[in-house]
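S.K.: Predicted model and sequence follow; I will ask about them next.
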Amino acid sequence: MTRRPLVLVTGLSGAGKASVLRVLEDLGYETVDNPPLKVLEELVGDGEGPLAAGIDTRTRGFGAAEALAMLVRLRARRDVAVTLVYVTAEEGVLLRRYTETRRRHPLAPGGSLGSRVADGIARERALLEPLRDAAELVVDTSDLPLPELRRLIEARFALEGGPGLSILLQSFAFPKGLPREADLVFDLRFLRNPHYVEELRPLTGRHPAVAAHIEADPDFPGFWQRLTGFLDPLLPRYAAEGKKYLTVAIGCTGGRHRSVLVAERLADHFRGLGWRAEVAHRDAGVGRDAAPERSVQPEGREALTRTP
């Protein structure tokens, strides 16, 4: 029996649940936001296509215990495959978002700004903590641009039709913490660091000058050979075990140069082998649609070059 994909999206108000639901809708999921829990269970039994639903504290009579009980019942069914996604963000980020939009927090006592929003955030975080603990995927959007959030969700929840295993290569900065969703983590802080070259510092690992600097490290060729030699045999084994997604986290100190380069190179390498691979740069401060970077010419002049 083919199990119906069911993605439940919950988390803190203002963290990006609606954005996640929109990405899932674009992927072909039927989406519904904030249905009563009883109605949601009825929807699961009515239809066969992939379904995504947002559940949060706006639901009338919502409680974490009731939501967890529903989750247990759904996971016990043999006709659906359930994934719970929890979307969160740091308090300062949520406060800034509410200040910018001037929207009322659903649990804020009597207002929408200042300490009242902070109180609402604290209440909601405590209320939803059991759901965070039960989630298969926790997404922190504090420093995650919308294009990278989209790529993360696409890599994780793309429907059948492509290769069985979807791979996400995620660059990150170690000082900001390990990505919660990582299956494999590699530390690149031993490689030559472009941060100490003044003209390379403002660029990213997607720039040819930065790539040339890192790849000129005498240890890079051997490292690359061992890295791909380690990963390549794992992918078909993961696919054979039924794994649908793999997140490989590539970290360095600042998350802008070495990790970005290797994440991009690995994505190209895996695509060349026929795998579906996406890239997300958590801490680089740029996405694929970023503005052109400036490349330093040998004569010392600058020229605009479009990032790949």
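M.R.: Yep, it's here.
S.K.: quick one: low-confidence parts of this protein?
M.R.: 1, 60-61, 100-115, 160-164, 242, 286-308 (pLDDT under 70).
S.K.: all strands for it, in order.
M.R.: 4-11, 30-33, 51-54, 80-88, 137-140, 166-173, 184-187, 245-252, 276-281, 293-296, 302-305 (DSSP state E).
S.K.: Tell me which of the ones you listed lies nearest to residue 199.
M.R.: Evaluated with C-beta to C-beta, the strands of the chain place strand 293-296 nearest to residue 199, the distance being 4.4 Å. (Each C-beta comes from the backbone N, C-alpha and C, glycine too.)
S.K.: Dump the strands of the chain to JSON lines, plus mean neighbour count and distance to residue 39.
M.R.: Formatted as JSON lines, the strands of the chain follow (neighbours: other C-beta atoms under 10 Å; distance: least, C-beta to C-beta, whole Å):
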{"stretch": "strand 4-11", "mean neighbour count": "24", "distance to residue 39": "13"}
{"stretch": "strand 30-33", "mean neighbour count": "16", "distance to residue 39": "8"}
{"stretch": "strand 51-54", "mean neighbour count": "24", "distance to residue 39": "10"}
{"stretch": "strand 80-88", "mean neighbour count": "21", "distance to residue 39": "16"}
{"stretch": "strand 137-140", "mean neighbour count": "20", "distance to residue 39": "24"}
{"stretch": "strand 166-173", "mean neighbour count": "24", "distance to residue 39": "31"}
{"stretch": "strand 184-187", "mean neighbour count": "15", "distance to residue 39": "39"}
{"stretch": "strand 245-252", "mean neighbour count": "24", "distance to residue 39": "29"}
{"stretch": "strand 276-281", "mean neighbour count": "24", "distance to residue 39": "34"}
{"stretch": "strand 293-296", "mean neighbour count": "17", "distance to residue 39": "49"}
{"stretch": "strand 302-305", "mean neighbour count": "10", "distance to residue 39": "53"}
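S.K.: need the ones you listed in a markdown table with distance to residue 212, can you?
M.R.: What follows is the strands of the chain, written out as a markdown table (distance: least, C-beta to C-beta, whole Å):
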| stretch | distance to residue 212 |
| --- | --- |
| strand 4-11 | 41 |
| strand 30-33 | 45 |
| strand 51-54 | 43 |
| strand 80-88 | 38 |
| strand 137-140 | 33 |
| strand 166-173 | 18 |
| strand 184-187 | 21 |
| strand 245-252 | 17 |
| strand 276-281 | 19 |
| strand 293-296 | 11 |
| strand 302-305 | 13 |
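S.K.: Show me the one of those that comes nearest residue 258.
M.R.: strand 245-252 (4.1 Å).
S.K.: just the angle between the closest one and strand 166-173, please?
M.R.: 20 degrees (axes from the mean of the first three to the mean of the last three C-alpha atoms, to 10 degrees).
S.K.: Which parts of the protein belong to which domain?
M.R.: 4-142, 166-305 (automatic domain parsing).
S.K.: What is the top helix by length along the chain packed up against?
M.R.: Using DSSP state H to define each element, the chain has its longest helix at helix 115-134. Here helix 115-134 touches strand 4-11, helix 64-76, strand 80-88, helix 91-101, going by 3 or more C-beta pairs under 8 Å, 6 or more residues apart in numbering; DSSP states H and E.
S.K.: Of the ones you listed, which is nearest residue 243?
M.R.: Comparing the helices and strands packed on helix 115-134 under C-beta to C-beta, the one sitting nearest is strand 80-88, at 13.2 Å.
S.K.: Pull the contacting residues for the residue nearest to residue 173 when sequence neighbours are not counted.
M.R.: Nearest residue to residue 173 in three dimensions, chain neighbours excluded: residue 255, at 3.1 Å (C-beta to C-beta, 6 or more residues apart in numbering). With contact set as C-beta atoms under 8 Å, 6 or more residues apart in numbering, residue 255 has these partners: 171-174, 176, 281-284.
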